[in-house]
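> Predicted model, plus sequence, below.
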Amino acid sequence: MTLFRGPKRNARFSLIHVFFLKFQEMIVQIQILIFLFAIVIFASFTVAGGKMGRIARIFRSEEYGEEFKNYLIARSNLKDHGPKKYAELLKQFHSFTSSSDDKIYAFLRANAVVKPDGASHGPKLKKLMKIGIRGKKILDIGTEEISYLNDLEALGAMAFGINIRSEFGHYSNFDESDKRFLYYDGISIPFENESFDVVTIFSVIHHIPPQKLQPLLVNIFRVLKRDGIVFVKENDLSEKIVGQMFDIQHEIYEGAIFPGKPFYRNSKQKISEIIREFERAGMTLVEEEKIENFTRISYLIFRK
Ligand SMILES: C[S@@+](CC[C@H](N)C(=O)[O-])C[C@H]1O[C@@H](n2cnc3c(N)ncnc32)[C@H](O)[C@@H]1O
């Protein structure tokens, strides 16, 4: 009996054994396949994605029109070389824009011209002249250029400027002994209550994290005299493509022109939300001018 049954049991056992071995083999094969697949995915991300990078991808993307791409390059201030050189640089730029971010950044670093001090004061000063600033005391929040305070003084105002002490400190061309300019913590404005007729704040709000905006606005309200004015310049980024462009523009500045200076930016900010925040802090919108270009600039005037 045992002799007869023995081989049958063995046969069943070896069948299960073979099946088990095959199963184990299959598991190993699947593991190898998963491993190879992971390598391919990783390599394609590093070679194609990582190397090509975000800026390069933008220039390759169909989502952005030529006008948009050229705008980005122009924003990198290649234009300031003059029309002939700009055309030449643009051609060169387009020849490698879909290769890698490193190349793009290196090119911009070598060829971009940082706007001269005071280059963008014109429209703001015009508006301030309309508001009337002779004999008025003005505080600028987020001041970078000494020439802005000089221009205000030339128009008969008494001007002061403050900026947050940050990695962008090098942007401010103030001598720390200049009594008109102070660094502060970004919220607690270092001046007495009701000491200013006008507060200006240009292209700063998009660098303020939303939770810190209201405390700053409460401080602006505090230092404003009764009937005092706040003059704001900001971008409306409610349209996705405008927010993306804004993002890239900052990436070009921070990645290419001033590398290693990451700075908070709110690429989704809406002018309607900014207005709501000012109103919440007790100020009333009295004028709004929208500039219908790519950057969706809005000039806002509030009264206390
Ligand atoms: C895009 S620049 C604008 C500079 C200048 N106002 C102009 O219109 O040319 C943004 C500036 O905002 C400053 N900034 C960011 N957060 C701030 C805050 N909480 N208070 C004051 N300035 C701030 C930055 O240091 C930087 O100088």
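Nice, I can see it. Residues are numbered from 1 along each chain as shown.

> Give the burial count for Tyr264, as a bare number.
10 (other C-beta atoms under 10 Å). For the C-beta atoms, the positions are set from N, CA and C on the backbone; glycine is no exception.

> Return the backbone torsion pair for the closest residue to the ligand within the stretch 201-304 of the chain.
The nearest approach of the stretch 201-304 of the chain to the ligand comes at Phe202, 3.4 Å away (C-beta to the nearest ligand atom). When read as degrees, to the nearest 10, the backbone of Phe202 gives phi -110, psi 120.

> any idea of the pLDDT on it?
In this model, Phe202 is scored at 95, pLDDT.

> Check Ala43 too.
pLDDT, Ala43: 53.

> shaky segments in the protein?
Applying pLDDT under 70 to the chain picks out residues 1-20, 23, 32, 34-51, 116-118, 166-173, 260-262.

> in it, which spans are strands?
Under the criterion DSSP state E, the chain contains strands at 137-141, 158-164, 181-184, 196-202, 224-235, 284-290, 297-303.

> Dump stretch 184-204 to PDB, keeping only the CA atoms.
This file holds the C-alpha atoms of stretch 184-204, laid out as PDB (Å, rounded to 0.1, in the frame of the first residue of the first chain):
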ATOM      1  CA  TYR A 184      11.000  97.200   9.100                       C
ATOM      2  CA  ASP A 185       9.300  93.800   9.800                       C
ATOM      3  CA  GLY A 186       6.800  94.000   7.000                       C
ATOM      4  CA  ILE A 187       3.800  94.700   9.200                       C
ATOM      5  CA  SER A 188       4.400  97.200  12.000                       C
ATOM      6  CA  ILE A 189       5.000 100.500  10.200                       C
ATOM      7  CA  PRO A 190       7.600 102.400  12.300                       C
ATOM      8  CA  PHE A 191       5.700 105.700  12.300                       C
ATOM      9  CA  GLU A 192       3.200 107.600  14.600                       C
ATOM     10  CA  ASN A 193      -0.500 107.400  14.200                       C
ATOM     11  CA  GLU A 194      -2.000 109.800  11.600                       C
ATOM     12  CA  SER A 195       1.300 111.000  10.300                       C
ATOM     13  CA  PHE A 196       0.900 110.800   6.500                       C
ATOM     14  CA  ASP A 197      -1.400 112.400   3.900                       C
ATOM     15  CA  VAL A 198      -0.500 109.800   1.300                       C
ATOM     16  CA  VAL A 199       0.700 106.200   1.400                       C
ATOM     17  CA  THR A 200       1.900 104.600  -1.900                       C
ATOM     18  CA  ILE A 201       2.400 100.900  -2.300                       C
ATOM     19  CA  PHE A 202       3.500  99.700  -5.800                       C
ATOM     20  CA  SER A 203       3.900  96.000  -6.800                       C
ATOM     21  CA  VAL A 204       4.300  94.900  -3.200                       C
END
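
> need the residues of the stretch 1-150 of the chain near the ligand, please.
The stretch 1-150 of the chain comes close to the ligand at residues Ile141, Gly142, Glu144, as judged by C-beta under 6 Å from any ligand atom.

> mind redoing it with 8 Å?
The interface of the stretch 1-150 of the chain toward the ligand, taken as C-beta under 8 Å from any ligand atom, is made up of Ser120, Lys124, Asp140, Ile141, Gly142, Thr143, Glu144, Glu145, Tyr148.

> Who does Glu289 form a beta bridge with?
Tyr299 (DSSP bridges).

> tally of neighbours for it?
Glu289: 12 neighbours (other C-beta under 10 Å).

> Confirm for me that it is in contact with Tyr299.
Yes - using C-beta atoms under 8 Å, Glu289 is in contact with Tyr299, at 4.4 Å.
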